[in-house]
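**Q** sequence? don't have it. structure:
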């Protein structure tokens, strides 16, 4: 049988039959069932697996911990799920150089623990870390958390990357030093590419020292618009926050659950006290200074089955996009009943996540997306669907306008002309 | 090539004689950038005043199959703006408008010819600045910064150009004007094409508009200078500062020869007898800066500093920086000629690599009889070395000896896990050295990107990649021999 031949080839590629298994229902990718799950343990084995796939035209979806497997459009086809979790471990940590090289399948939380022992951290704190997300998955999905304001996203902290191309060729770009402009930065191209260009096998990051002290300054306000004003005031001040986050509960129109803004300052013990005090004065008498992380901090507002959205807008633009979503979803009038929009994210960078209940009528979701995108049209910005129930997949324009789409298609065509890697998952059907 | 006269006539028609330079003497003024030992007189020079002018030029280049090279202010140090003899040089120096300043969103949109410092000057009054600060920032252009992913003394804390460009309008090699990236927003859906265009040295197209981040000016800035007996001590002090969890805005080291040059040029009055000085700048909220400066001072003394000067005011701060900022030019006072090298090592390898450079130099002196010396200036915070290799061009064989030392320094960097360039770029100068860092497969992968943007290889040919390469034509196969012949013909680069 053909499938036996393929399975044998995959087993040989992975160094043993034990690393290949028939896929089960839990392995489905956004509702599309793969045939096999393979778990290569080295970059060479990844290369061998991709060579097998390329020769036979098998479609491959890469999976780390699977925390975001429902992000992106459902793939057109999936033959193999390539599980990266055996590509795990810290290969080299040079504390004096503030650099670490780590396998792509390493859970971010494990890396954090290793680095903390040296008083250091990777300043990348996506919500999925708590669910076991891997380094490779976080990079490929372009995730970032609250610290994005001060330290940038994964692509800004990645200084070198090793990967295997769709044709089974292993390559790398960047290096092990923080400052390096030799050659193209292919690593940046892979960040946020949803696994459509190559399989990341290892990553080298620049690190930062763990701060000696931190404080959160919190303030409740009535609306997203007011939260935006608070964030703007904080950013215009000289306190240099590490993060400015907002939490907009679904039922926030009620008196008991207002919008929360929380500002994180990090630094020396004396310094953060002074800065937190300054912030508290700036934010008014309702502000509070706390040592502990607010329970909503750095978590996505959505769960399994919800419609998950990401708004990336100018600092002054995200509240309007959020209001547009809420207004459409609530039917423009009575907001006390029916589905509602909740949101959380970085008010300091304008990247805010929103959640709509999964049972929201697809036409309503589509209309809400249109409204949000219209609201953003004036200022620039995007509203994309990260995940949605399978039932509404075909109705939604997941990405909206994509600047440079033609060039992106050309990049995909060069990297993966056979459309082996995650076909159809990304912008413009890439 | 017969195409050039016809193309020139079309350019004159489309853009007018004021924007097209055909006179040979005038063209020759563009024959090199800041790296003056590579010289090629461009076939024709175009000075567009806006994106449409760039687009018209690039489209005509496409029509006639002629290569083009973009040039900003010509301060590059890797020959990235070296013209092509039978090609067009597109100079952005007339595209100097700051198109938009949006403080509420922390952004400015500027044309590529705008000088780096002009952005900070435009927003300083409102308490904002543009962070990347290459030492040529008074004149170097943002378009050039985008091409080279320029850094500067403060990138140890603030990052490079790529961290501060949120979007750009690219004139693709096909002549399309395409907006890439989020612009006013932090990101846009799709691949991060801005991230790959920044630092691609003009080989993927020409940026015609650039959206940059504006940052709130720090509340406090304090600069200190610590004098040490040896460079090794200054390096150890830097390591101690980093190990203590401090992230200074800048950490710069000069060795004795670089100090001597600076003293001669600008009389910077650094502590007499210093074998090395370490300049550290801390910025941020006043409460943090005071604590950091105290800690840095303590760590410097612990590492052996015999004098630590903390600038008390902006004048004293400028005084400390004057020596460092003049260092490259100052070396001209102690040597008729010099090579500016740019390499990167892991910070912790500093002492070892400096000792190896000293050994290399001694060996070169003994072997060649030429008095090759190296003045060291470096961004110690991120391990970016700028060795200045001194020579006298009037003495036969001296340049070759210096060049050999300069190249060997890059080998040292690579051997220690570093890079052949931290901020000057590969350009034409280091293209042949790129394979020391990257395998053929690595370079092939980068070339896939090149081919996606520029399948015909018209944008800045001969730069970055070590050998002329052709794109396998994915959509429509053509004769490879044909392509190879054309490409070889195109790459008429002469090295002086």
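**A** Yes, it's here. Note that the structure is predicted; figures quoted are calculated from it, not measured.
**Q** going forward, measure contacts and count neighbours with C-alpha atoms only.
**A** Will do.
**Q** which residue does the stretch 51-200 of chain B bring closest to chain A?
**A** Going by Cα to the nearest Cα, chain A is nearest to residue B:185 of the stretch 51-200 of chain B, at 4.4 Å.
**Q** report the contact partners of that residue.
**A** Residues near residue B:185 by Cα atoms under 8 Å, 6 or more residues apart in numbering or on different chains: A:312-315, A:349-350, A:380-381, B:166.
**Q** same thing but at 10 Å, please
**A** Going by Cα atoms under 10 Å, 6 or more residues apart in numbering or on different chains, residue B:185 touches A:311-318, A:349-351, A:376, A:379-382, B:105-107, B:166-167.
**Q** in what helix or strand does it lie?
**A** Following DSSP states H and E, one finds residue B:185 outside all helices and strands.
**Q** restricted to strands, list the contacts of residue B:185.
**A** Within these, residues falling in strands by DSSP state E are A:311-312, A:351, A:382, B:107, B:166-167.
**Q** so of these, which two are at opposite extremes in space?
**A** A:311 and B:107 (18.2 Å; Cα to Cα).
**Q** please identify which of those two sits among more neighbours.
**A** More neighbours surround residue A:311 than the other of residue A:311 and residue B:107, with 28 against 23 (other Cα atoms under 10 Å in any protein chain shown).
**Q** what ranges in chain B fall below the confidence cut-off?
**A** Within chain B, the segments meeting pLDDT under 70 span B:1, B:473-496.
**Q** so what are the domain limits for it?
**A** Domain assignment of chain B by automatic domain parsing yields the ranges B:3-91, B:220-329, B:335-425.
**Q** so the last one, near chain A or not?
**A** Yes - judged by Cα under 10 Å from any Cα of the partner chain, domain B:335-425 and chain A are in contact via B:343-349, B:379, B:381-384, B:416-425.
**Q** and what of the longest one?
**A** Yes - part of domain B:220-329 sits near chain A under the criterion Cα under 10 Å from any Cα, namely B:220, B:239-240, B:242-247, B:284-292.
**Q** out of the residues you listed, which sit inside strands?
**A** Per DSSP E, strands hold the following members of these: B:220, B:284.
**Q** out of the residues of domain B:220-329 next to chain A, which are buried?
**A** With neighbours counted using 16 or more other Cα atoms under 10 Å in any protein chain shown, the residues of domain B:220-329 next to chain A contain these buried positions: B:239-240, B:242-243, B:245-247, B:284-292.
**Q** tell me which of these fall in helices.
**A** B:239-240, B:242-243, B:286-292 (DSSP state H).
**Q** JSON lines for the residues you listed, including distance to residue A:372?
**A** Putting these into JSON lines (distance: Cα to Cα, whole Å) gives the following:
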{"residue": "B:239", "distance to residue A:372": "49"}
{"residue": "B:240", "distance to residue A:372": "50"}
{"residue": "B:242", "distance to residue A:372": "45"}
{"residue": "B:243", "distance to residue A:372": "46"}
{"residue": "B:286", "distance to residue A:372": "40"}
{"residue": "B:287", "distance to residue A:372": "41"}
{"residue": "B:288", "distance to residue A:372": "40"}
{"residue": "B:289", "distance to residue A:372": "42"}
{"residue": "B:290", "distance to residue A:372": "45"}
{"residue": "B:291", "distance to residue A:372": "45"}
{"residue": "B:292", "distance to residue A:372": "44"}
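**Q** can you tell me the centre-most residue of the chain?
**A** No chain specified, so I'll use chain A. residue A:143 (2.0 Å; Cα atoms, centre = their mean).
**Q** that's the wrong chain, I wanted chain B
**A** Taking Cα atoms, centre = their mean, chain B has its central residue at residue B:424, 3.2 Å away.
**Q** any idea which helix or strand carries it?
**A** With DSSP H and E as the test, residue B:424 turns up in no helix or strand.
**Q** name the residue of the stretch 351-496 of chain B that lies nearest to chain A.
**A** residue B:422 (4.3 Å).
**Q** that residue: neighbouring residues, count only.
**A** Per other Cα under 10 Å, the neighbour tally for residue B:422 reads 29.
**Q** is it true that it touches residue A:179?
**A** Yes - using Cα atoms under 10 Å, residue B:422 is in contact with residue A:179, at 5.1 Å.
**Q** got any residues that touch both of these two?
**A** Common neighbours of residue B:422 and residue A:179 (criterion: Cα under 10 Å, 6+ apart): B:151, B:343-345, B:379, B:382-384.
**Q** show me the shaky parts of the stretch 201-350 of chain A.
**A** For the stretch 201-350 of chain A, the stretches flagged by pLDDT under 70 are A:251-257, A:332-339.
**Q** which bits of it sit near chain B?
**A** Selection of the stretch 201-350 of chain A residues close to chain B by Cα under 10 Å from any Cα yields A:208-212, A:232-233, A:235-241, A:266-275, A:310-318, A:348-350.
**Q** which among the residues you listed count as buried?
**A** A:208-211, A:232, A:235-241, A:266-269, A:271-275, A:310-318, A:348-350.
**Q** strands of the stretch 1-150 of chain B, residue ranges please.
**A** Counting by DSSP state E, counting those that start in this stretch, the segments of the stretch 1-150 of chain B that form strands are B:20-21, B:44-46, B:68-71, B:88-91, B:98-102, B:107-110, B:128-129.
**Q** each with direction, which strands does the fifth one pair with?
**A** Here strand B:98-102 is paired, per DSSP bridges, with strand B:107-110 (antiparallel).
**Q** residue B:337 against residue B:392, yeah?
**A** Yes - at 5.4 Å, residue B:337 counts as touching residue B:392 under the criterion of Cα under 10 Å.
**Q** return every residue with contacts to both of the two.
**A** With Cα under 10 Å, 6+ apart as the test, residue B:337 and residue B:392 both reach residue B:399.
**Q** quick one, what contacts residue 98?
**A** Going with chain A. With contacts defined as Cα under 10 Å, 6+ apart, residue A:98 is in contact with A:115, A:118, A:120-122, A:177-178, A:205-209, B:242-243, B:245, B:346-348, B:382.
**Q** correction: the question concerned chain B.
**A** Contacts for residue B:98 (Cα under 10 Å, 6+ apart) come out as B:108-115, B:118-119, B:122, B:209-210.
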